[in-house]
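> One predicted model, sequence on top.
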Amino acid sequence: MAYAAVISLKQTIERLLNSSQISLVPPSKKFIKSAYKHVQSLQEVLKRFDSCNNKNNERVNALDDEIGEKVRKFEDVIESHLSNHFLSQYEESHDEDHEISHRSILSVEMVELKQEIDSFNETIKKMECEYINELNNSAREEEDAVISRIGPRGKKSTMVGLSDQFREIKTRLLELTHPYNYYTTSVSLIGMAGIGKTTIAMEIFNDPMILSHFDSRAFVTVGQKYQLKEILRGILAQTSPGIDIMLKGGDLSLDDLKRMMYPNLKKKRFLVVLDDVWNNQLCDELRRLLPNNKNGSRVLLTSRIQQVPYYVSNSNNYQIRLLNKEESWDLLRHKVFDEMPCPLDLQRAGKKIAENCEGLPLLVVIVAEILSKGERTPKYWKQVAEKENAVFMDANDQILKVLFSSYEYLPQHLKACFLYMGVFPENYEIPRSKLIKLLSVEGFLEPVDPSRTIESFSMECLKELVSKSLVIVHQKRSNSPYNYSLYNFKTCGLHSVFWHLCKREAEKNKFSRVVNSYDNNLGEGIEHQRRLCIHKSILFANKDVYESIASISNTRSLLCFGPYHKYPVPICLEYLSLLRVFDALTIRMYEFPMQVLKLVQLRYLALTYDGNVPPSISKLRNLQFLIILRHLNIIKSCMKSSYLPIEIWDMQELKHLQITGSNLPDPCGAILQNLSTLLDISPHCCTKEILERIPRLEKLGIRFDLSHGHDAKSLNWLDAISNHARTVKCVVVNPIPRSEVVVCPPAPLFTNIYSSLAKLSLSGFGYPWEDISKIASLRCLHVLKLRCYAFRGAKWETQDKAFRSLKVLLIEDSDLVEWTAGFKTFRCLEHLTLKNCHKLEQIPRDLFIRLSIELVDCNALAVACVKQMQEEERKKDRNFPKVYVYSSV
């Protein structure tokens, strides 16, 4: 992981050179700039590895490890020196009874590091030359591209599961009901390694209906490295057997083969299967060479990568799903017992074993092969089901051979991003927003375009991992007009087989180490790990674990995930002086950990703590994300709000501030120039004086506590904030149950209908539906989410021309019965989601919705109404949005 280490060092030096809070004492800047130039040069050299096809060159990989180690050690020297400077100057200011304000400039002397800098420059220059030579040798020694295999790979086996997708894909290949079906079109099967793409393709290729429908068929396995000449030879050999002798002669050039494609396939209805396609180049070549016979010819692709079939319409892309529990058990039983029944005393454990495979067919097959060779006793199978023996470990080791290429051929910046997913526990649903925050502060990602923010680049990296079928999308977002997109999600994660791959590779590359149990080998290799992930907080109480953690003084992240721990445990922060990230939300702190204030390199701090934040928090000059939540048991109506220290306004690097139960003090003229997210504040902070001192505020979260006298009787407060944030979320934390709608004073109209407010979420207010007219005229409002009786009453009559720009509407937990829409309302609405609307009997029949309607646990009458509308539109041959109906029962 030399590339990730180089990016981190490069950014460390850039922060040192460009910081407005640091003054480098001459000639320190000259020394640091010399190192920076060498780091830039090294980065460009390491980039060349991405275009190298031979990823297994041992000498190149060994050099990569050596470079990474050297770069990490040099970064440790620089950051340790900076931390010591900062702390010594803070202590001097404390001795003199005054604090260094955010406007003070810290002087840093680097001359004493001249010897280390010179040594680093010289060593890196030599390593760089050696690395270039090895890359050049690797290119010369590189094996010829793997010859593409002709015909289906592997032996024919019975397909178990995925029958619904098999039928749908086969129907699409055979369909000739419309004129456009006659054109040569492509159908793509997309999914992660081992999910069954090739099995489905082989089953379709050999299906009797396919055999009789197509005149000629060809099946070619492509792979990462291929030769177009061999691909064409394979297609021609299978579709035109008469020229097989000519092809075997081997005298034909690539141009000869290209010229032969059109005449030999012309007037034939052909099916070409391209298995395991990795890039667009092959698709582009074949699209130009294959004739469009207008007779229903087809090209069937399988790929792990979403973007490969970019020229195929969405309707021809099939995302192959994981097996469900029943299909997994059927496949396991079939592979172990063939046509024989499974003994009754093994079925319970067998179903649990199949469930543990998490729907991945290849893992089911490998586990079944191991079971077939083991004892067929209830005791043994129960041990496998509870993962008390090595069966699943052995299966994961075997499957890594198939999965590793998905990781190996990633660009270097995506490798680091992918490995970072492994810091979370196995089968963990990772909140997308949290992952993006962490990726943006870790320091191993660098936007290609300098004008882009690190957050947007982190999101792009995550989307790329999704597109390469490495990351699984879990919960979809309801607050975006692009709800149908694969990349629009709230949570994501890794299949367990990829999690084990991440864990192994991250530890081997000293990228991160996961600690979820105590063993005697804990101390081996841990001292050089860049990130430490604790998945059981109680381990801090173990003396050996504590000492092992204390030994890794150069670690940059301490991430405490896993089950919530409500009792205090000792955390050795005093030894981890170079921490950038400290996330301990899963540990309840009874006192503020004052050792944190010495972590001057800290960029991300997340704690669960019930007391006041000390004024000295402002010492953390580099802090970008400050998140302090309260223990669940003490969030009560009797709790009084407190104010953050005035020093919070000195923290100029802050981008995200979330401190539950605390309010912002008067800024006294200060400005938080970089703060874009402010969450969990009370409406008392939503004043013009405060919000104008946060000029880049994008997202605002407000907590109303009715026991504190927060005024939620009308929408007056909303008018005050609508010009200061694009996204506003307002929640009543202790809504008072009411049996009927309370009559409130009428809320005033917005004074500015051109407000920039684009997303609004309201929860627990209980306003009458008439008051919703006060936000219906907002011209920039695209997303509106109404939860937990945000508005109450049996009837909602939407006024004419209301919500002209709204694209997404969510209503959740409502007593609404009748909903009618006026003339030209919701003209841009794309997605409507209704959840727990048990009394709602109908939605407006003339409501114009473009893309989807989702009903979750709603009245059967509302469901019937929507389905009737859908059927009426279908009879008129009109497009109707997709309807999704779910029930938790």
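Perfect, I can see it now. Just so it is clear, the structure is predicted and the values come from calculations on it, not from any experiment.

> those strands in the stretch 651-800 of the chain, which residues are they?
656-659, 662-663, 677-681, 699-704, 727-732, 759-763, 767-768, 783-787, 791-792, 795-798 (DSSP state E, counting those that start in this stretch).

> Those strands: which one's closest to Val273?
Closest to Val273 of the strands of the stretch 651-800 of the chain is strand 783-787 (C-beta to C-beta; 42.5 Å). No exception for glycine: its C-beta is placed from N, CA and C like everyone else's.

> circling back to that earlier point, can you put the strands of the stretch 651-800 of the chain in JSON lines and add mean neighbour count?
Formatted as JSON lines, the strands of the stretch 651-800 of the chain follow (neighbours: other C-beta atoms under 10 Å):
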{"stretch": "strand 656-659", "mean neighbour count": "22"}
{"stretch": "strand 662-663", "mean neighbour count": "19"}
{"stretch": "strand 677-681", "mean neighbour count": "21"}
{"stretch": "strand 699-704", "mean neighbour count": "20"}
{"stretch": "strand 727-732", "mean neighbour count": "20"}
{"stretch": "strand 759-763", "mean neighbour count": "21"}
{"stretch": "strand 767-768", "mean neighbour count": "20"}
{"stretch": "strand 783-787", "mean neighbour count": "21"}
{"stretch": "strand 791-792", "mean neighbour count": "18"}
{"stretch": "strand 795-798", "mean neighbour count": "16"}
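
> Let's have those strands in TSV, adding distance to Phe337 and mean pLDDT.
Below are the strands of the stretch 651-800 of the chain laid out as TSV (distance: least, C-beta to C-beta, whole Å; pLDDT from 0 to 100):
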stretch	distance to Phe337	mean pLDDT
strand 656-659	54	95
strand 662-663	62	84
strand 677-681	55	92
strand 699-704	55	90
strand 727-732	54	89
strand 759-763	53	92
strand 767-768	62	90
strand 783-787	50	94
strand 791-792	58	92
strand 795-798	58	92
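
> Leu211 is nearest to which of those strands?
So among the strands of the stretch 651-800 of the chain, strand 783-787 is nearest, using C-beta to C-beta, at 50.5 Å.

> Name the strands paired with that closest one and say parallel or antiparallel.
In the sheet, strand 783-787 lines up against strand 759-763 (parallel), strand 808-812 (parallel) (DSSP bridges).

> Mind listing what's buried along the biggest helix by length in the chain?
Ordering each helix of the chain by length in residues (DSSP state H) puts helix 58-95 first. For helix 58-95, a neighbour-count test (16 or more other C-beta atoms under 10 Å) marks 60, 63-64, 67-68, 70-72, 74-75, 78-79, 81-83, 85-87, 90 as buried.

> Likewise for stretch 671-690?
Applying 16+ other C-beta under 10 Å to stretch 671-690 flags 672, 675-686, 690 as buried.

> Any idea which helix or strand in the protein has the lowest mean pLDDT?
Within the chain, no helix or strand scores below strand 149-150, which has a mean of 59 by mean pLDDT, DSSP states H and E.

> Which residue, neighbours along the chain excluded, lies closest to Leu585?
Ala606 (4.9 Å; C-beta to C-beta, 6 or more residues apart in numbering).

> quick one: the one you found from Met393, how far?
Going from Ala606 to Met393 by C-beta to C-beta, to the nearest Å gives 32 Å.

> Can you list the residue ranges for helices in the stretch 751-889 of the chain?
773-776, 860-875 (DSSP state H, counting those that start in this stretch).

> Deepest-packed of these, please.
Of all the helices of the stretch 751-889 of the chain, helix 773-776 has the most neighbours on average by mean count of other C-beta atoms under 10 Å, namely a mean of 19.

> Any idea how far that helix is from the middle of the chain?
35 Å (C-alpha atoms, centre = their mean, to the nearest Å).

> rounded to a whole number, what's the mean pLDDT of that helix?
The pLDDT scores in helix 773-776 average 86.

> again, but for stretch 613-632
In the prediction, stretch 613-632 has an average pLDDT of 92.

> How about the contacts made by Arg804?
Arg779, Lys824, Arg827, Cys828 (C-beta atoms under 8 Å, 6 or more residues apart in numbering).

> Take the residues you listed and write them to TSV, including distance to Val384.
TSV is the format used below for these (distance: C-beta to C-beta, whole Å):
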residue	distance to Val384
Arg779	61
Lys824	62
Arg827	58
Cys828	54
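
> quick one: low-confidence ranges for the stretch 751-889 of the chain?
Residues of the stretch 751-889 of the chain meeting the criterion pLDDT under 70: 751-754, 877, 889.

> Return the list of helices and strands in contact with whichever strand or helix holds Lys37.
According to DSSP states H and E, Lys37 maps onto helix 28-47. Packing partners of helix 28-47 (3 or more C-beta pairs under 8 Å, 6 or more residues apart in numbering; DSSP states H and E): helix 2-18, helix 58-95, helix 114-141.
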